[in-house]
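1. Here you go, sequence then predicted model.
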Amino acid sequence: MSDIAATTAESPARSPLAAEVSRRRTFAIISHPDAGKTTLTEKLLLFGGAINLAGQVKAKGERRNTRSDWMKIERERGISVVTSVMTFEFEGLVFNLLDTPGHEDFSEDTYRTLTAVDSAVMVIDAAKGIEARTRKLFEVCRLRDIPIITFINKMDRESRDVFELLDEIEKTLALDTTPMTWPVGRGRDFLGTYDVINGGVRLLEGGGAKTGAAQQIEIAELAKLNANLDASAVKDELELVTEASKPFELEAFREGHLTPVYFGSALRNFGVGDLLEGLGKFAPEPRAQDSDQRKVEATDPRMSAFVFKIQANMDPNHRDRIAFARLCSGKLSRGMKAKLVRTGKSMPLSSPQFFFAQDRSVADEAFAGDVVGIPNHGTLRIGDTLTEGEDFNFVGVPSFAPEIVRRVRLTDAMKAKKLKEALQQMSEEGVVQVFRPRDGAPALVGVVGALQLDVLKARLEAEYSLPVEFEVSEFQLARWISSEDRKKLDTFVAANTSSIADDVDGDPVYLARNEFYLGYTKERAEGIEFTNVKDVK
Ligand code: GDP
């Protein structure tokens with residue numbers, strides 16, 4: 001693989017900034033619940049020495065409670081509602097792993113997190129193949145052409161036919177596959193993996209955790225290790241795989257058309273080293289980001305960042321929150337002043353935080369690809385751009401059309417004004433989307449995952465003393481509407497006032513009773529565009 005590694009080799013004239021950028025890999029893991037994401041995360045962190053005890057990541061029930069006491073939901077369900085960031089170093093590279101909630105339910109946070117990564121690892125349970133949530137997350141990655149590395153997990157157990165699994169990836173995701181390793185033996189007789197590129201077999205027993213050269217073992221020797229193994233069938237299969245597999249093409253991978261595939265067992269810490277090595281070699285360094293003015297290169301010396309997530313802090317008595325910002329260029333140093341482009345105001349970055357495994361530590365400097373936590377009291381919103389003084393806004397942090405729409409019912413009508421303020425705040429933080437009907441009816445909230453509603457309810461009660469209930473409204477769907485012809489939009493809005501609402505930015509939204517109504521309206525609304533994704537500007 002050395003020739004492939006050369007593609008990321010350093011050029012002699014590289015500046016210190018470019019060198020920092022080139023050693024960063026910012027990625028997320030996408031998978032269906034139970035495929036092994038937590039186990040894999042833990043093993044990856046172990047490789048990087050970021051944590052020294054296996055089992056800590058899963059122990060989030062116990063450990064995180066102290067930090068996020070306000071969020072009873074998290075405690076009760078033993079899940080992490082909050083997306084976290086883990087940074088670890090391995091062989092000179094800095095890996096930023098952006099975690100997405102592991103629960104079946106999901107929220108906009110999950111999607112937005114994918115706007116802040118440069119690549120993703122897709123974990124597939126070998127017995128199950130592509131599952132619903134994996135596919136959904138994959139689609140979000142595809143929207144942004146995020147390159148995907150595949151890890152087929154649980155090879156130590158009975159799996160589906162391996163050729164069939166690759167075929168499923170190719171067909172259902174329209175993604176070419178190149179197996180980088182290949183399992184030798186299956187299920188209980190799983191012995192290890194064959195290195196398709198360099199030859200040689202790495203055995204499950206002994207040396208599995210190490211990266212580097214695979215042990216060179218003759219196929220005939222393998223049969224001696226396990227009497228159930230048909231040596232000639234294994235040999236034929238490996239020959240077939242080596243000859244028939246699509247060659248790995250870095251460019252196709254980087255463009256999101258091809259995925260290198262690794263086989264392993266996260267539980268047994270097998271194949272994880274290969275995966276990490278693959279991430280280091282193939283996954284792209286921080287990409288250039290689009291803004292409304294120009295493309296911002298990661299090696300541009302002027303600092304810039306965008307906020308993709310806001311986490312309310314753990315202490316309900318303090319309205320402080322942490323904005324997670326992805327650095328896009330330059331260097332962020334502690335104490336520097338940044339310009340918040342939306343307001344034009346300057347804000348001091350006095351204590352940006354890095355997230356090493358589960359512990360926050362104060363960062364002195366960060367580079368493109370890094371994620372920093374910026375404590376603030378509600379100044380920062382999702383989608384905000386921070387610069388060193390320039391006026392541009394990053395584009396591409398999306399809002400998604402809600403899949404669930406509810407009306408908020410206040411038990412104490414006297415508190416309507418307070419509720420309005422609270423909902424405004426919650427929507428700026430990205431907890432839920434708020435739609436204010438033009439006809440003056442009470443506000444509607446929209447969410448992508450039901451859990452967001454629970455979080456909203458808990459927070460309104462804890463932070464604003466506002467007990468609320470949610471009611472099913474006559475509307476089920478919301479779509480942003482726009483038109484190149486301003487007049488057409490105005491006419492449409494005027495003709496449909498009772499179905500028009502404003503979102504948090506004052507942009508118009510069409511509310512529909514159901515898919516049928518939506519389709520019916522769309523057909524008749526010539527020149528009006530209905531979208532279910534909106535860029536937060
Ligand atoms: P997540 O929901 O994707 O985070 O999945 P977890 O990492 O919590 O794993 C789900 C279950 O699968 C747990 O019981 C793990 O111990 C188990 N598991 C994870 N990886 C492997 C593996 O490689 N082999 C086997 N046999 N079990 C695994």
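-> Looks like it arrived, so ask away.
2. Now L40: closest residue in space, sequence neighbours ignored.
-> Sequence neighbours aside, A266 is the residue nearest to L40 in space, at 4.1 Å (criterion: Cβ to Cβ, 6 or more residues apart in numbering). In this view, the C-beta of every residue, glycine as well, is placed from N, C-alpha and C.
3. count of neighbours near that neighbour?
-> Here the count is done by other Cβ atoms under 10 Å, and A266 has 25 residues near it.
4. Local confidence estimate at it?
-> On the pLDDT scale, A266 is placed at 94.
5. Relative to D195, how far out is it?
-> Shown here: A266 relative to D195, a distance of 19 Å by Cβ to Cβ, to the nearest Å.
6. For the residue most central in space within the chain, which non-adjacent residue is closest in space?
-> Centroid check for the chain by Cα atoms, centre = their mean gives L114 as the closest residue, at 3.2 Å. Nearest non-adjacent residue to L114, counting by Cβ to Cβ, 6+ apart: V140, 5.1 Å away.
7. Close to the ligand: what parts of this structure are there?
-> Selection of the chain residues close to the ligand by Cβ under 6 Å from any ligand atom yields 31, 33-39, 102, 153-154, 156-157, 265-267.
8. Need the contact partners of stretch 332-339.
-> For stretch 332-339, contacts defined as Cβ atoms under 8 Å, 6 or more residues apart in numbering pick out 303, 305, 345-352, 362-367, 370, 372, 386-391.
9. do the same with stretch 496-514
-> Residues external to stretch 496-514 that are found in contact with it (Cβ under 8 Å, 6+ apart): 399, 405, 424, 427-428, 433-439, 444, 474-482, 489, 493, 518, 521, 530, 534, 537.
10. do the same with stretch 28-37
-> Contacts for stretch 28-37 (Cβ under 8 Å, 6+ apart): 40-41, 97-100, 102-104, 113-114, 117, 120-125, 128, 131-134, 137-138, 141, 148, 153-154, 266-267.
11. Spatially nearest residue to T39 (excluding sequence neighbours)?
-> Per Cβ to Cβ, 6+ apart, closest to T39 is A266, 4.1 Å.
12. How about the contacts made by that neighbour?
-> By Cβ under 8 Å, 6+ apart, A266 lies in contact with G36, T39, L40, E42, K43, V123, F151, N153, K154, V272.
13. Quick one: distance of whichever strand or helix holds the third one to the chain centre.
-> Using DSSP states H and E, L40 sits within helix 37-48. Mean C-alpha position of helix 37-48 versus that of the full chain (Cα atoms, centre = their mean, to the nearest Å) differs by 16 Å.
14. Please export the C-alpha coordinates of it as PDB.
-> The C-alpha trace of helix 37-48 is given here as PDB (Å, rounded to 0.1, in the frame of the first residue of the first chain):
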ATOM      1  CA  LYS A  37     -20.300   1.400  16.900                       C
ATOM      2  CA  THR A  38     -19.600   1.800  20.600                       C
ATOM      3  CA  THR A  39     -17.300  -1.200  20.700                       C
ATOM      4  CA  LEU A  40     -15.400   0.000  17.700                       C
ATOM      5  CA  THR A  41     -15.100   3.600  19.100                       C
ATOM      6  CA  GLU A  42     -13.700   2.200  22.200                       C
ATOM      7  CA  LYS A  43     -11.100   0.100  20.400                       C
ATOM      8  CA  LEU A  44     -10.200   3.000  18.100                       C
ATOM      9  CA  LEU A  45      -9.600   5.200  21.200                       C
ATOM     10  CA  LEU A  46      -7.500   2.500  22.700                       C
ATOM     11  CA  PHE A  47      -5.300   2.500  19.700                       C
ATOM     12  CA  GLY A  48      -4.800   6.200  20.100                       C
END
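15. which parts of that helix are buried?
-> With burial defined by 16 or more other Cβ atoms under 10 Å, the residues of helix 37-48 counted as buried are K37, T38, T39, L40, T41, E42, K43, L44, L45, L46, F47, G48.
16. Nearest to K224 among those residues?
-> For the buried residues of helix 37-48, the minimum distance to K224 (Cβ to Cβ) is 29.3 Å, reached by K43.
17. any idea how far D290 is from the closest one?
-> In terms of Cβ to Cβ, K43 sits 34 Å off from D290.
18. Repeat that for A368.
-> For A368, the distance to D290 - Cβ to Cβ - is 14 Å.
19. quick one, which of the two is more surrounded?
-> A368 (32 against 15).
20. Verify the stated contact: the more buried one with T299.
-> Yes: A368 lies in contact with T299 (Cβ atoms under 8 Å); the separation is 7.4 Å.
21. Between those two, which contacts overlap?
-> Common neighbours of A368 and T299 (Cβ under 8 Å, 6+ apart) are V21, S329.
22. burial measure for R202, as a count.
-> 27.
23. just how off-centre is the one helix or strand it maps to within its chain?
-> Under the criterion of DSSP H and E, R202 resides in strand 201-203. In terms of Cα atoms, centre = their mean, the centre of strand 201-203 is found 32 Å from the chain centre.
24. Next SSE downstream of it?
-> Assigned by DSSP H and E, the successor of strand 201-203 is helix 219-225.
25. which helices and strands sit right next to that next one?
-> Where contact means 3 or more Cβ pairs under 8 Å, 6 or more residues apart in numbering; DSSP states H and E, helix 219-225 is packed against strand 201-203, helix 231-244.
26. what's the spacing between the residue of the chain most remote from its centre and D236?
-> In the chain, the greatest distance from the average C-alpha position (Cα atoms, centre = their mean) is reached by K224, at 44.1 Å. As judged by Cβ to Cβ, K224 and D236 stand 18 Å apart.
27. ok, S351 - how many residues close by?
-> 14.
28. was I right about it contacting P375?
-> Yes: using Cβ under 8 Å, S351 is in contact with P375, at 6.1 Å.
29. Can you list the low-confidence ranges for the chain?
-> For the chain, the stretches with pLDDT under 70 are 1-13, 49-84, 101-107, 206-216, 313-319, 354-363, 535-537.
30. quick one: stretch 424-431 to chain centroid distance?
-> For stretch 424-431, the distance to the chain centre is 20 Å (Cα atoms, centre = their mean).
31. which other residues reach that stretch?
-> Residues outside stretch 424-431 that contact it (Cβ under 8 Å, 6+ apart) are 108-109, 112, 309-310, 312, 321, 378, 381-382, 432-434, 452, 455-456, 459-460, 503-504.
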